[in-house]
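Visitor: model this:
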Amino acid sequence: MPWLPGQSGNPEGGRAGKPIRDAIRLELAMMAEGREDPIPALCARAMVRAQIRKAVKGDTLAFAAIADRSDGKPAVVVSGDAYEPIAITVSRADDARARIEAALNRIAAQSVIEVASEEKDT
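Guide: Prediction:
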């Protein structure tokens, strides 16, 4: 069916659901109400339920996994020094390793020079 000008191609609106995130929200809501529906052993909700139980018992990795899936992972910022900021473009793992190592060595060398210069001044 062709859409008319000005008519939405997505009449239902919103984004597509995310099954793991939806399972986490459903399980947390049910647990808050004190309910636990029977579910098949090999489904996303069963795995989510197991992770939530581990998190409640103090497993920080389980908690981090749940938080990352429900709230999204925290932003990671990579920055260099004021003289030469880090800028990395990676296409393969070996290339990434070499570029990151070179950038870290450059930053470490700069730090050593700054410490040595501060020691001379005192």
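Visitor: okay, now the unreliable bits of this protein?
Guide: 1, 9-16, 74-82, 84-96, 111-122 (pLDDT under 70).
Visitor: show me what the one helix or strand residue 68 maps to is packed against.
Guide: Taking DSSP states H and E as the definition, residue 68 sits inside helix 60-71. Here helix 60-71 touches helix 19-32, helix 44-56, going by 3 or more CB pairs under 8 Å, 6 or more residues apart in numbering; DSSP states H and E. C-beta here means a position set from N, CA and C on the backbone, and glycine is covered the same way.
Visitor: buried set for it?
Guide: Buried positions in helix 60-71, judged by neighbour count with 16 or more other CB atoms under 10 Å: 62-63, 65-66, 69-70.
Visitor: residue 23 and residue 66, how far apart?
Guide: 10 Å (CB to CB, to the nearest Å).
Visitor: sorry, slip of the keys, the one I care about is residue 60.
Guide: For residue 60, the distance to residue 66 - CB to CB - is 11 Å.
Visitor: kindly report the same for residue 37.
Guide: Taking CB to CB, one finds residue 37 at 19 Å from residue 66.
Visitor: shared neighbours, residue 23 and residue 66?
Guide: residue 48 (CB atoms under 8 Å, 6 or more residues apart in numbering).
Visitor: quick revisit: between the helices and strands packed on helix 60-71, which one is nearest to residue 100?
Guide: Of all those, helix 19-32 sits nearest to residue 100, with 29.7 Å by CB to CB.
Visitor: contacts for the closest one, please.
Guide: So helix 19-32 is contacted by 36-37, 44-45, 48-49, 52, 66, 69-70 (CB under 8 Å, 6+ apart).
Visitor: rerun that using 10 Å as the cut-off
Guide: Residues outside helix 19-32 that contact it (CB atoms under 10 Å, 6 or more residues apart in numbering): 18, 35-37, 39, 43-53, 56, 65-67, 69-72.
Visitor: what's the answer for stretch 63-73, then?
Guide: In contact with stretch 63-73 (CB under 10 Å, 6+ apart) are residues 18, 20-25, 27-28, 48, 51-52, 54-57, 59, 74.
Visitor: got a PyMOL select line for the buried ones in these?
Guide: Restricted to buried positions by 16+ other CB under 10 Å, the PyMOL selection for the contacts of stretch 63-73 reads:
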select buried, resi 23+24+27+48+51+52+54+55
